[in-house]
Structures are given as structure tokens and as C-alpha cells.
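Participant: here are the coordinates; sequence isn't available:
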């Protein structure tokens, strides 16, 4: 999995899968919102949207976000970290916006090391 988040990950104008880096040839890219249901619009608003290979990384693969809870949790905690950094939010402010804290202890330590107020 990659270490950066981006709404549209382009390499010379070409979208790439956020998780594996493929360009969508042979397995079209889907837009995946980090937070589901009623939070889709907020995911979109804050740029917490990822391009994922439809079959391999989004829906059906062993590590696909909709088929693997660990991948989903990683992506959501990653999105929370990015939102907190970009918006200058604390955990409580993120929770007020998205209803839940997705960070684990290691994520919180990483943010503290980066100077983010928790």
C-alpha cells in the first residue's frame, strides 16, 4: 500500500490505483469514498476519495477494500490522519465531523511526531 493520499493521483495525466499503483488498463479504476453511506458527501468534500482497481483493490481481491476489513481500516485511518493534517483538526473535531475516531495508538503517535495536536 502507498504512503500518500490524493484525490486524483495523476502521473502525467493518468489516474492510478491508490493501493497498487496500476493505471486501470485491464481493470478499470473505481472512485472509492473513504467513509461510506451518509459520509460519502463529506469524503468527497474533504478529498478523502481514492481511485482503486475495480476487481483487484476495490471489490473482489483478497486485500480489496470491500473484501478485507484490515484494508478498509487502514484506508480510513489514513484518511483521518490526512484530514486532521490538512484541516488542522484534533481527534475530537474529526469525530464531530465524521462521527467516529478511526485512529489506533500508532496512528496517534505518528500524528504527534508530526506536530499535530490531538
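Facilitator: Thanks, I have it. Just so we're clear, the structure is a prediction, and the values are computed from it rather than from any experiment.

Participant: need phi/psi at residue 29.
Facilitator: Note on residue 29: its backbone torsions stand at phi -90, psi 140 [degrees, to the nearest 10].

Participant: test my guess that it contacts residue 55.
Facilitator: No. Using Cβ atoms under 8 Å, residue 29 and residue 55 do not qualify as a contacting pair, with a distance of 10.7 Å. Bear in mind the C-beta positions are built from the backbone N, C-alpha and C, glycine included.

Participant: which of the two has more residues huddled nearby?
Facilitator: Neighbours around residue 29 and residue 55, counted as other Cβ atoms under 10 Å, are more numerous at residue 29. The numbers are 22 against 14.

Participant: at which residues are the helices of this protein located?
Facilitator: Listed in chain order, the helices found in the chain under DSSP state H are 40-45, 69-87, 91-98, 105-113.

Participant: how about these in TSV, adding mean pLDDT, mean neighbour count and distance to residue 59?
Facilitator: As requested, those are arranged in TSV below (pLDDT from 0 to 100; neighbours: other Cβ atoms under 10 Å; distance: least, Cβ to Cβ, whole Å):
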stretch	mean pLDDT	mean neighbour count	distance to residue 59
helix 40-45	94	15	16
helix 69-87	95	18	12
helix 91-98	96	16	23
helix 105-113	88	13	26
